[in-house]
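Trainee: kindly generate the corresponding structure for this input.
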Amino acid sequence: MIKHEFTQRIIEQLSLDTGFDGEEILNLSSLLQYINIKTKSANRGSKSRGSFANLYAIYVLLEDYIKVVFEQKENYSKYEGAVFTELFRRQRELSFGAKLQNHALNHRLNEEFHKYFPTINEKIILRDIPTARYWINTNLIQIKYSNKKVDLSKSIISIINLYIDAKKDAFESFISACEEIKGISSKDEIKIVNFVINLLKPNVDARLFEIVSFAILKYFYYDKEIYWGYSPDKLMKEKLKLYKTGRTNANDGGIDFVMRPLGYFFQVTETLDVKKYFLDIDKLECYPIRFVIKTNDEIDKIKKHLREGAIKQYTIDKIVNKYMDSIEEIINIPQLILYFNKSIENGFLNHVIEEILLQSRVEFNYQE
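Mentor: Okay, the predicted model is just below:
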């Protein structure tokens, strides 16, 4: 069993709820161990990626279970099951849950649980697809300890609530820091710059990295203009404008940023898995893409890695060249910092901070 800072909170909560040794209870439950894995970011601040989707799938099913078993005193084995739409609605009511998708309830939670515990054949979520009814697997929320059956449902709810509170506190601290940075005078520009650069480190939450990348790129291009038209004597002047096309870091098959009027496509990624790059290129039928990569690796090294991967995957020079030619630009962390410095020179430092603050509130469903 892995241990991290939040593990002790889990153990303490289990001891409080059950009256038994919390660490022993944790070691007896694969579901608790899975939750322990998913809550390791609790004490790492707002810049560490949260794991809400799968935890919330467990949470809403346990809420339903508690209502049926403890409040209505029904036999759960005879229960007709929770309605999917109600579970999904409840997920989105929880903190940071407003934009969650349905994947966790439908298959992702069960798949990930099996990845961590391949020898356990049990699924956390049981569902009847034709009727869209759902149940929690009671074999995973009940254990035997000292010849007694211990129901862990209420403890798990409490543990997830502790995790939500920890992430909420961390994110509110981040928002407060952004607000404070906005109020710093221009004489303390170095402090503001360092604040933004720290949000570009490789260990930062992927969503924050994408938000900061967008803010920097938006204002790097902001004051640039092009002339275009259908004939040389009728040209229009237009500023470049970058648009976000959807949720940050969403597994939705989309492209992250689009620029008008040039038609540049930007894809933000934290992986160097070559298959991911070529999949993105295939989605757009080899339309040129600019990749923004959360790495400090040199751009030439990244290109070499991608070409080697392409050669290994496709072997034919013509195909390899077609894919590599589709990579219009690679933007790593040092390149983003250069673009950020250029934005500062052009007087857009406060605009970058305001954009980070705005996009963070939207992404994390933060209400002032």
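Trainee: and the pLDDT at Gly81?
Mentor: What the model reports as pLDDT for Gly81 is 96.
Trainee: for it, list the residues it contacts.
Mentor: Arg127, Asp128, Thr131, Arg133, Tyr134, Trp135 (Cβ atoms under 8 Å, 6 or more residues apart in numbering). Just so you know, the C-beta spots here come from the backbone N, C-alpha and C atoms, and that holds for glycine as well.
Trainee: return the backbone torsion pair for it.
Mentor: Main-chain dihedrals, Gly81, degrees, to the nearest 10: phi 100, psi 150.
Trainee: skipping adjacent residues, who's closest to it in space?
Mentor: Sequence neighbours aside, Arg133 is the residue nearest to Gly81 in space, at 2.9 Å (criterion: Cβ to Cβ, 6 or more residues apart in numbering).
Trainee: that neighbour: neighbour count?
Mentor: A count of nearby residues for Arg133, using other Cβ atoms under 10 Å, gives 16.
Trainee: that one and Thr85 touch, don't they?
Mentor: No - using Cβ atoms under 8 Å, Arg133 is not in contact with Thr85; the gap is 11.0 Å.
Trainee: low-confidence stretches in the stretch 51-200 of the chain?
Mentor: 184-187 (pLDDT under 70).
Trainee: whoops, I mixed them up, the stretch 251-368 of the chain
Mentor: Ranges of the stretch 251-368 of the chain meeting pLDDT under 70: 251-254, 364-368.
Trainee: so where do the strands sit in it?
Mentor: With DSSP state E, counting those that start in this stretch, the ranges of strands along the stretch 251-368 of the chain come out as 257-260, 264-269, 289-293, 327-331.
Trainee: returning to what we had before: tell me the contacts of the residue nearest to Gly81?
Mentor: By Cβ under 8 Å, 6+ apart, the neighbours of Arg133 are Glu80, Gly81, Ala82, Val83, Phe84, Arg127.
Trainee: show me what it bridges to in the sheet.
Mentor: Going by DSSP bridges, Arg133 is paired in beta bridges with Val83, Asp128.
Trainee: and the one 10 residues further on, by the same measure?
Mentor: On DSSP bridges, the residues paired with Ile143 through beta bridges are Val150.
Trainee: list the contacts for Lys342?
Mentor: Taking Cβ under 8 Å, 6+ apart, we find Lys342 in contact with Phe220.
Trainee: Val150 versus that one, what's the distance?
Mentor: Separation of Lys342 from Val150 (Cβ to Cβ, to the nearest Å): 60 Å.
Trainee: same question for Tyr227.
Mentor: Tyr227 is 73 Å from Val150, by Cβ to Cβ.
Trainee: okay, those two: which has more neighbours?
Mentor: For Tyr227 and Val150, the more surrounded residue by other Cβ under 10 Å is Val150, and the numbers stand at 19 against 9.
Trainee: hang on, isn't the more buried one packed against Phe20?
Mentor: Yes - using Cβ under 8 Å, Val150 is in contact with Phe20, at 7.3 Å.
Trainee: now the helices for the stretch 101-250 of the chain?
Mentor: 103, 109-116, 138-141, 153-182, 189-198, 206-221 (DSSP state H, counting those that start in this stretch).
Trainee: need the winner for burial among those.
Mentor: helix 206-221 (a mean of 24; mean count of other Cβ atoms under 10 Å).
Trainee: could I get the average pLDDT for that helix?
Mentor: Per-residue scores along helix 206-221 average to 91.
Trainee: and it, C-alpha only, in CSV?
Mentor: Output in CSV follows, covering the C-alpha atoms of helix 206-221 (Å, rounded to 0.1, in the frame of the first residue of the first chain):
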residue,chain,number,x,y,z
ALA,A,206,-2.3,19.6,-16.6
ARG,A,207,-5.3,21.9,-16.6
LEU,A,208,-3.4,24.8,-15.1
PHE,A,209,-0.6,24.3,-17.6
GLU,A,210,-3.1,24.5,-20.4
ILE,A,211,-4.7,27.6,-19.0
VAL,A,212,-1.4,29.4,-18.5
SER,A,213,-0.3,28.3,-22.0
PHE,A,214,-3.4,29.8,-23.5
ALA,A,215,-3.0,33.0,-21.6
ILE,A,216,0.6,33.4,-22.7
LEU,A,217,0.0,32.5,-26.3
LYS,A,218,-3.1,34.7,-26.5
TYR,A,219,-1.1,37.8,-25.5
PHE,A,220,2.0,36.8,-27.5
TYR,A,221,-0.1,37.0,-30.6
